[in-house]
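> Let's see this in three dimensions:
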Amino acid sequence: MKVAVINCGSSSIKYEVFHVGDCAMFASGLIEKIGSADGTVRQRRLKADGTFEEQSRTAHLANHREGFDLMAIVNQKDRIIKDDSELFGIGHRVVHGGETFREPALIDAKVIAAIRGLIPLAPLHNPSNLLGIEAAKDRFPRVPQVVVFDTAFHQTLPPLAYHYALPNELYEQHHVRRYGFHGTSHAYVAKEASKHLGKHLSEMNLITLNLGNGASAAAIQNGRSIDTSMGMTPLEGLVMGTRCGDIDPSIPYYLMREAGMKANEVESILNTESGLKGICGASDMREILERAATGNEEAELAIQIFCYRIKKYVGAYHAVVGRLDAIVFTGGIGENAVAVRQRVCEGLKHLGIGVDPAKNNAAKGSVAEIQQDGLPVKVLVIRTNEELEIALQTISTIEKANVRS
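Predicted coordinates for the structure are as follows:
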């Protein structure tokens, strides 16, 4: 039996297929340009000898349902899904679950309606996620399907952490509060840290840093998220590839008043033209590190600001969780940018945090320890796997619901 994990965009479907027994990844792929005459699928599938075979195909894809058909038949002779009965279940990533969903949910009409009702909180993401759910339900009507929310892990935040200091009716009537995102990744690496350190998650205090083009930090106390850097939207918090993170809330009004900008123009600047890109003209940390190495001052400043903001959150979250077992670096930057990890942890020995340069340079594999010997706080580099976490939660939810019996 297999479980498929779906991450759906407005014109794309990203997917991975796992074996249910050992959750080994069997195939992965990306379907793009849905709605056009030159729709494409690129797929990797595991062969009997343990290597991966690359497959690709082009076809006219009128809608997402046809995208799912193409996923199933990309290789006519050796399909990754030979028959619908092979599918134990399908797990869907949905960005925003609001306050409605604290856990994964078995998809039914009420769940779909609730996700649709949350579109105002995630207008760029939830509609696309719904397209994937509805197309998959249409294509695989007898297969149990589960939705896993990016916000769910952070639903354990206490009111003092999720309330904004705004009139309370804005929360009660318009749901204005902090929700947090990247929850699936934070949950996964927290569990991996627990396994690695041989300590039950309910006894673990962690700061997890999910650093990529989008970036977020989470304070995890006794295995539960108690604070996180992203807020009502993914714009709040750390400096990101193109997002500004924390700024003075009056800046948008200043720009509208003094620069004559419209609200949608300001929103676009804050989300797509700011962050690392706004400081130095590039959003990819690899390129920025290369520029800084050649003496580019704007690139160097971008790195400094990026790391400084993370360091401030580390200090704040250390104060919040108290005793700290480990800091976890994950995400594309967290897993690969040696210099970023070094800079974030510099000057934190008074908090029991420090990085060993040799260990940092040599970090590889699914979990690596890079802390200096003799310091009490572990510094871990953990490769995140949101798709695997969604697969595990999907299997667990279906088994609990007993819908396969």
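> Mind listing residues that contact the helix or strand bottoming out on mean pLDDT in the chain?
Within the chain, confidence by mean pLDDT, DSSP states H and E is lowest for helix 64-73 among all helices and strands, at a mean of 71. Helix 64-73 has contacts (C-beta atoms under 8 Å, 6 or more residues apart in numbering) with 8, 13, 15, 29, 31, 34, 39, 41, 43, 57, 59-61, 79-81, 131-132, 134-136, 138-140. The C-beta positions use only the backbone N, C-alpha and C, and glycine is treated the same way.
> Which of those are buried? Put it as a ChimeraX command.
Command for ChimeraX that selects the buried part of the contacts of helix 64-73, burial taken from 16 or more other C-beta atoms under 10 Å:
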select :8,13,15,29,31,34,39,41,43,57,59,61,80,81,131,132,134,135,136,139,140
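> The contacts of helix 64-73 in strands, which ones?
Among those, the ones falling in strands (DSSP state E) are Cys8, Ile13, Tyr15, Gly29, Ile31, Gly39, Val41, Gln43, Arg57, Ala59.
> what's near enough to touch the spatially closest residue to the first one that is not a sequence neighbour?
Counting by C-beta to C-beta, 6 or more residues apart in numbering, Cys8 lies nearest to Gly132, which is 2.5 Å off, once chain neighbours are set aside. Counting by C-beta under 8 Å, 6+ apart, Gly132 touches Ile6, Asn7, Cys8, Ile13, His64, His92.
> Next, the most far-flung residue of the chain relative to its centre: phi, psi?
Residue farthest from the centre of the chain, counting by C-alpha atoms, centre = their mean, is Glu258 at 36.1 Å. When quoted as degrees, to the nearest 10, the phi and psi of Glu258 stand at phi -90, psi -30.
> And for Ile90?
phi -130, psi 130.
> Now for it: which residues touch it?
Val3, Ala4, Val5, Ile6, Ala136, Phe140, Val143, Pro144, Gln145, Val146, Thr394.
> let's go with 7 Å and repeat that
By C-beta atoms under 7 Å, 6 or more residues apart in numbering, Ile90 lies in contact with Ala4, Ile6, Ala136, Phe140, Val143, Gln145.
> Distance check, the residue nearest to Cys8 against Phe68.
Using C-beta to C-beta, to the nearest Å, Gly132 is found at 9 Å from Phe68.
> go on, Ala48?
26 Å.
> Looking at those two, which one has more neighbours?
Per other C-beta atoms under 10 Å, whichever of Ala48 and Phe68 has more neighbours is Phe68, with 25 against 5.
> coming back round to it: quick one: the least confident helix or strand of the chain to chain centroid distance?
Taking C-alpha atoms, centre = their mean, to the nearest Å, one finds the center of helix 64-73 at 25 Å from the center of the full chain.
> Against which helices or strands is whichever helix in the chain runs longest packed?
When the chain is parsed with DSSP state H, its longest helix is helix 297-321. Packing partners of helix 297-321 (3 or more C-beta pairs under 7 Å, 6 or more residues apart in numbering; DSSP states H and E): strand 205-211, strand 215-221, strand 224-228, helix 275-280, helix 285-293, helix 338-345.
> which regions of this structure lie under the pLDDT threshold?
71-79, 404-405 (pLDDT under 70).
> follow-up on the earlier one: now the ones in strands among the contacts of helix 64-73 in JSON lines, with distance to Gly281?
Below are those laid out as JSON lines (distance: C-beta to C-beta, whole Å):
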{"residue": "Cys8", "distance to Gly281": "32"}
{"residue": "Ile13", "distance to Gly281": "32"}
{"residue": "Tyr15", "distance to Gly281": "34"}
{"residue": "Gly29", "distance to Gly281": "33"}
{"residue": "Ile31", "distance to Gly281": "32"}
{"residue": "Gly39", "distance to Gly281": "33"}
{"residue": "Val41", "distance to Gly281": "34"}
{"residue": "Gln43", "distance to Gly281": "35"}
{"residue": "Arg57", "distance to Gly281": "37"}
{"residue": "Ala59", "distance to Gly281": "38"}
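> Which members of these define the maximum pairwise distance?
Cys8 and Arg57 (18.9 Å; C-beta to C-beta).
> Now Ala105. Its backbone dihedrals?
Dihedral angles (degrees, to the nearest 10) for Ala105: phi -140, psi 140.
> I figured it hits Phe149, correct?
No. Using C-beta atoms under 7 Å, Ala105 is not in contact with Phe149, being 8.2 Å away.
> Compare those two (neighbour count), which wins?
Set side by side, Ala105 and Phe149 show more neighbours around Phe149, with 30 against 22, by other C-beta under 10 Å.
> Hmm, that one is touching Arg102, no?
No. The criterion here is C-beta under 7 Å, and Phe149 misses it with Arg102 at 8.7 Å.
> residues in contact with stretch 371-387?
Taking C-beta under 7 Å, 6+ apart as the rule, stretch 371-387 contacts 5, 16, 184-185, 188-189, 192-193, 196-197, 210, 324-331, 335, 345, 349, 352-356, 363, 366-370.
> again, but for stretch 194-209
Contacts of stretch 194-209 (C-beta under 7 Å, 6+ apart): 186, 189-191, 193, 217-223, 310, 314, 317-318, 321-330, 334, 367, 378, 380.
> same thing but 6 Å
186, 189-190, 193, 217-218, 220-223, 314, 317, 321, 323-329, 334, 367 (C-beta atoms under 6 Å, 6 or more residues apart in numbering).
> List the buried residues of it.
Buried residues in stretch 194-209 (16+ other C-beta under 10 Å): Ser194, His196, Leu197, Leu201, Met204, Asn205, Leu206, Ile207, Thr208, Leu209.
> Is it possible to get TSV of these that adds distance to Leu157?
Formatted as TSV, the buried residues of stretch 194-209 follow (distance: C-beta to C-beta, whole Å):
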residue	distance to Leu157
Ser194	20
His196	25
Leu197	24
Leu201	17
Met204	17
Asn205	16
Leu206	15
Ile207	15
Thr208	14
Leu209	17
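> Tell me how far the residue farthest from the centre of the chain lies from Glu297.
27 Å.
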